[in-house]
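Visitor: output the structure for:
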Amino acid sequence: MSECPRKSVGAFIEKVEDGVLKILLIDRVNEPHGWAGVAGHLDEGKTPEGMILIEIGEEVGLQGFEESAPVHEEMVSWNYCWRNKTDGHYWYLFKLRQEKYGEISIESDEVKGFGWFTPREIEHLNLEPVWRHWFLKLGYIKE
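Guide: Here you go, the predicted structure:
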């Protein structure tokens, strides 16, 4: 039986290119649809810090981050869990950055596409609702 609410981890993977901040987003195969940061459920026995690195490796194939810092955690009661059919997720969010990224390789059964976007571009994307919430709350985008 799963925990209620589910615990989840999410990543703001950043790079600066020609002096411009860009954030890696993925377009998910599974619900909820829309652009989002790399994320996943926290597996039993794993720490949030360890789990986010596992998710990043599985979903986009990146490793070896020079900077990794927790930036926020919060219970989001309206963030329905499609997998477990439960209300809410308790989120642990991290910001990760490194000078040079290796080649991204997407996990085809979870991710159908990816891109590096500026905050201004993110404002106009069809974001997963909880990710719109995070980008607004943490000041990446404006209404």
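
Visitor: tell me the helix or strand right after the helix ranked longest in the chain.
Guide: If you go by DSSP state H, the chain has its longest helix at helix 48-60. Once the chain leaves helix 48-60, the next helix or strand it forms, by DSSP states H and E, is strand 67-76.

Visitor: do I have it right that residue 118 meets residue 21?
Guide: Yes - between residue 118 and residue 21 there is a contact at 6.6 Å, judged by C-beta atoms under 8 Å. In this view, the C-beta of every residue, glycine as well, is placed from N, C-alpha and C.

Visitor: now do the strands in this structure.
Guide: Using DSSP state E, the strands of the chain run over 6-17, 20-28, 35-36, 39-41, 67-76, 89-97, 111-117.

Visitor: can you list the strands that the first one pairs with?
Guide: I take that to be strand 6-17. According to DSSP bridges, strand 6-17 forms sheet pairs with strand 20-28 (antiparallel), strand 39-41 (antiparallel), strand 89-97 (parallel).

Visitor: returning to what we had before: the longest helix of the chain - contacts with which helices or strands?
Guide: strand 6-17, strand 20-28, strand 39-41, strand 67-76, strand 89-97, strand 111-117 (3 or more C-beta pairs under 8 Å, 6 or more residues apart in numbering; DSSP states H and E).

Visitor: with that, I have no additional questions.
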